[in-house]
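# Below: sequence and its predicted model.
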Amino acid sequence: MRIVLRGARLIDGTGRPPQDETAVVLEGSRIVAVAPQGEVGVPQGAQVYDLGGKTLLPGLIDCHVHISTEPDADPARRFRDESDLLLTLRGAKNAWRCLQAGYTTLRSLGARGLVDIEIKRAIEMGIVEGSRLLVAGRLLTMTGGHGHYMGYEVDGPDQLRQAAREEIKRGADVVKLMATGGILTPGVEPGSAQLTLEEMRAAIEEAHKAGKKTSAHAQGSEGIKNAILAGIDSIEHGIFLTDEIIDLMLERKVFLVPTLPPSHYFLLEGRKRGIPEYIIQKAERVDEARYQSLEKARRAGVLIAAGSDAGTPLNAHGENALELELLVRSGFTPMEVIQAATSRAAELLGRQDLGRIEVGKTADLVVVDGDPLLDMSVLRRKVNLVFKDGQLVSGKSLL
Ligand SMILES: [Zn+2]
């Protein structure tokens with residue numbers, strides 16, 4: 001059956017100016033026509049949606065979530081208290097929530113055991129409904145390194161090489177490496193380097209051999225540089241970017257995924273909501289550097305992909321689009337932000353079929369009331385219809 005979406009303002013994800021009074025036609029899981037409304041006839045038996053006053057965008061993509069964790073004040077709590085089975089069910093619920101919020105694709109960058117790999121499989125098999133997932137499986141960290149309570153502790157290039165092979169064998173789409181300390185793990189510093197260049201290079205070589213992407217949690221300058229020189233595809237967080245690092249990122253087309261929401265929540269209401277003091281203090285210490293680095297990256301034209309880090313304390317799944325508002329507030333144009341959450345994100349994921357409303361692309365679309373170019377918060381508050389693979393997955397009551 002064909003589906004015709006007509007009358008909406010179209011933002012196609014490529015950065016092209018919006019077009020009014022458009023028609024987009026879906027057939028099966030693909031987009032088969034994109035044209036001015038007057039040029040598209042309605043095929044017999046087609047399902048038609050009249051979307052005057054609304055905006056049609058590609059399904060949103062979040063390049064950094066932890067699908068099976070909850071926004072608890074203590075990030076390690078569930079890993080102590082709950083089994084993998086329970087975490088898997090939580091992840092399935094979270095993937096459903098994100099889908100309802102207009103996020104048709106998520107990249108989950110670290111879970112315990114096989115949890116996020118199995119959630120992904122369950123969604124692909126149609127056992128549960130949720131966003132399309134690309135997953136890291138277990139994140140790879142040095143012994144005692146950042147995220148050790150949920151990750152796979154490995155040391156030395158040989159162990160890193162083996163661990164990357166294992167995660168890929170188990171079904172990972174991306175290899176996640178901890179290049180520096182971070183904010184959420186007690187006793188490690190965001191600025192300190194962790195996995196070495198040689199360790200990361202071994203894991204990255206294995207991932208790239210298998211056609212997989214790699215991602216580094218990297219906050220301090222030394223660790224960020226190590227990850228880039230080792231061949232990483234994306235720098236997550238990127239708090240302390242130097243001019244030299246920015247040049248390297250441009251030269252090697254390395255993405256920055258800034259992940260603004262966690263610190264936003266910690267600094268706004270962390271103490272009131274029981275966030276441990278060590279987390280708040282670290283977040284306070286690095287906040288200025290975070291925004292200075294982001295500004296430098298924006299001005300230089302570093303590739304930016306959206307990533308909310310949903311699943312960290314206070315940062316709930318389904319609220320992912322807050323990050324897009326924070327990016328606008330930090331100086332990006334609304335169109336740049338939409339690209340970061342659509343076509344640019346798809347590029348980072350190596351999924352050129354996603355993130356654009358063009359003929360031949362996968363029919364992932366979201367319809368919102370109002371215009372996100374004028375008010376980015378409509379992507380969080382006013383999601384109306386969501387299509388994934390050409391199927392209506394949210395807004396069914398409107399049929
Ligand atoms: Zn994260």
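Right, received. Where do you want to start?
# tell me how far the ends of stretch 32-42 are from each other?
Across its full length, stretch 32-42 reaches 13 Å between end residues, using CA to CA, to the nearest Å.
# Wait, a helix at Leu379?
Yes. Following the definition DSSP: H, G, I helix; E, B strand; the rest coil, Leu379 is counted among the residues of a helix.
# which ones are touching it?
Residues touching Leu379, when contacts are defined by CB atoms under 8 Å, 6 or more residues apart in numbering, comprise 57, 60, 102, 321, 324, 366, 368, 372. Every C-beta, even on glycine, is put in place using the N, C-alpha and C of the backbone.
# which residue packs closest to it, ignoring adjacent ones?
The shortest distance from Leu379 to any residue that is not its chain neighbour, by CB to CB, 6 or more residues apart in numbering, is 4.3 Å, and that residue is Ala321.
# what about Ser263, how many neighbours?
Taking other CB atoms under 10 Å as the neighbour definition, Ser263 ends up with a count of 26.
# just checking, it touches Ala283?
Yes. Because the distance of 4.6 Å satisfies CB atoms under 8 Å, Ser263 is recorded as touching Ala283.
# Now list whatever residues contact both of the two.
Any residue near both Ser263 and Ala283 by CB under 8 Å, 6+ apart counts here, and that gives Ile183.
# Mark which of the contacts of Leu379 are part of helices, please.
The subset of the contacts of Leu379 located in helices under the criterion DSSP state H comprises Leu324.
# List the contacts of Leu348.
Leu348 is in contact with 63, 213, 233-234, 255, 257, 303, 305, counting by CB under 8 Å, 6+ apart.
# Please repeat the previous calculation with a cut-off of 10 Å.
Under the criterion of CB atoms under 10 Å, 6 or more residues apart in numbering, the contact list for Leu348 reads 61, 63, 107, 174, 213, 215, 233-234, 253-257, 303-307, 340, 355.
# Do you have the helices of this structure handy? List them.
Using DSSP H, the helices assigned to the chain run over residues 77-81, 84-100, 115-124, 156-170, 197-209, 221-230, 243-252, 261-269, 277-300, 322-329, 334-340, 343-349, 378-381.
# Counting by contacts, list what the fourth one packs against.
Pointing back at helix 156-170 there. Other helices and strands packing on helix 156-170, by 3 or more CB pairs under 10 Å, 6 or more residues apart in numbering; DSSP states H and E, are helix 115-124, strand 140-141, strand 152-153, strand 174-178, helix 197-209.
# what angle do it and strand 174-178 make?
Computed with axes from the mean of the first three to the mean of the last three CA atoms, to 10 degrees, the direction of helix 156-170 lies at 150 degrees from that of strand 174-178.
# how about helix 156-170: buried residues?
Counting neighbours by 16 or more other CB atoms under 10 Å, one finds that the buried residues in helix 156-170 are 157, 159-161, 163-168.
# Report the backbone C-alpha coordinates of that helix in CSV.
The C-alpha trace of helix 156-170 is given here as CSV (Å, rounded to 0.1, in the frame of the first residue of the first chain):
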residue,chain,number,x,y,z
GLY,A,156,47.3,-4.3,26.3
PRO,A,157,46.9,-4.3,22.5
ASP,A,158,46.4,-8.1,22.3
GLN,A,159,43.5,-8.1,24.7
LEU,A,160,42.0,-5.1,23.0
ARG,A,161,42.2,-6.8,19.7
GLN,A,162,40.6,-9.9,21.0
ALA,A,163,37.9,-8.0,22.9
ALA,A,164,37.0,-6.1,19.7
ARG,A,165,36.8,-9.4,17.8
GLU,A,166,34.6,-10.9,20.5
GLU,A,167,32.1,-8.0,20.6
ILE,A,168,31.8,-8.1,16.8
LYS,A,169,31.3,-11.8,16.9
ARG,A,170,28.5,-11.3,19.5
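# ok so, going back, what is the nearest of the buried residues of helix 156-170 to Ala33?
When these are ranked by distance to Ala33 (CB to CB), Ile168 comes first, at 38.0 Å.
# about what we covered before: show me the one of the helices and strands packed on helix 156-170 that comes nearest Lys93.
It's helix 115-124; of the helices and strands packed on helix 156-170, that one is closest to Lys93 (CB to CB) at 9.8 Å.
# so how far is the closest one from its chain's centroid?
Once both centres are worked out by CA atoms, centre = their mean, to the nearest Å, helix 115-124 turns out to sit 16 Å from its chain's centre.
# Just the pLDDT at Lys396, thanks.
Lys396 carries a pLDDT score of 59 in this model.
# Over to Arg121?
pLDDT recorded at Arg121 is 97.
# Would you mind measuring from it to Ile127?
Between Arg121 and Ile127 the distance is 8 Å, computed by CB to CB, to the nearest Å.
# same question, Arg16
Noted for Arg16: a distance of 38 Å to Ile127, by CB to CB.
# Present the buried residues of helix 156-170 as JSON lines; the columns should include pLDDT.
Output for the buried residues of helix 156-170, formatted as JSON lines (pLDDT from 0 to 100):
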{"residue": "Pro157", "pLDDT": "98"}
{"residue": "Gln159", "pLDDT": "98"}
{"residue": "Leu160", "pLDDT": "98"}
{"residue": "Arg161", "pLDDT": "98"}
{"residue": "Ala163", "pLDDT": "98"}
{"residue": "Ala164", "pLDDT": "98"}
{"residue": "Arg165", "pLDDT": "98"}
{"residue": "Glu166", "pLDDT": "98"}
{"residue": "Glu167", "pLDDT": "98"}
{"residue": "Ile168", "pLDDT": "98"}
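# what about the stretch 201-350 of the chain, any weak spots by pLDDT?
Across the stretch 201-350 of the chain, no stretch falls below the confidence threshold (pLDDT under 70).
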